[in-house]
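Visitor: structure for this input, please:
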Amino acid sequence: MSSANPYLKQYQKNQIETASPEQVLILLYDGAIQFLIKAQTALDEKKFERFYNSIVSCQRIILEFMDTLDMEVGGELAKNLYKLYEYLYNTLDTVNIKKDRAKMEEVLKHLKALRETWQKAISISNAQKSAEMIEKTTDRYDGIEDDDDDEDYEEDLV
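Guide: Numbering: from 1, shown residues only. Just a heads-up that it's a prediction; the model follows:
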């Protein structure tokens, strides 16, 4: 397993380095969710060092979300997201101290919902970009006249 590990790490590094900002966002949510799942397992197994490390890793991702919010561009939405991320971060502090499974489930639920919301927003944005590109392309070809060469081509085939 350890011999494959360097290849897996290189693949993951390449995946992140070549990803769009939107893909990186989703990968970060996936990571935060996976860390909480690992924390749940570690708590069940009473492996408290692994539990602690998983919670802290999740908190680091949440801090990254907080740090990358642009309050000027994002306005009220960014401020509300910041407050939610701050709540999740602080809740994980409580989880870490009290080993509170219910609070951990709450954070996990929020992270999954946020991931799903961002994924939908990215899909809508990509669909709009594709539609705009198609519209621009068809606008370019609207001015080109068809000289009915299709009939000549069909006759050549017969």
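
Visitor: what does stretch 77-87 contact?
Guide: Residues outside stretch 77-87 that contact it (C-beta atoms under 8 Å, 6 or more residues apart in numbering) are 62, 65-66, 69-71, 74, 110, 114. For the C-beta atoms, the positions are set from N, CA and C on the backbone; glycine is no exception.

Visitor: and that stretch, which residues are buried?
Guide: If you call a residue buried by 16 or more other C-beta atoms under 10 Å, then stretch 77-87 has these buried ones: 81-82, 85.

Visitor: gap between the closest residue to residue 51 other than its chain neighbours and residue 28?
Guide: Nearest non-adjacent residue to residue 51, counting by C-beta to C-beta, 6 or more residues apart in numbering: residue 42, 3.9 Å away. For residue 42, the distance to residue 28 equals 21 Å [C-beta to C-beta, to the nearest Å].

Visitor: now swap in residue 116 and tell me
Guide: Applying C-beta to C-beta to residue 116 and residue 28 gives a distance of 14 Å.

Visitor: no more questions from me, cheers.
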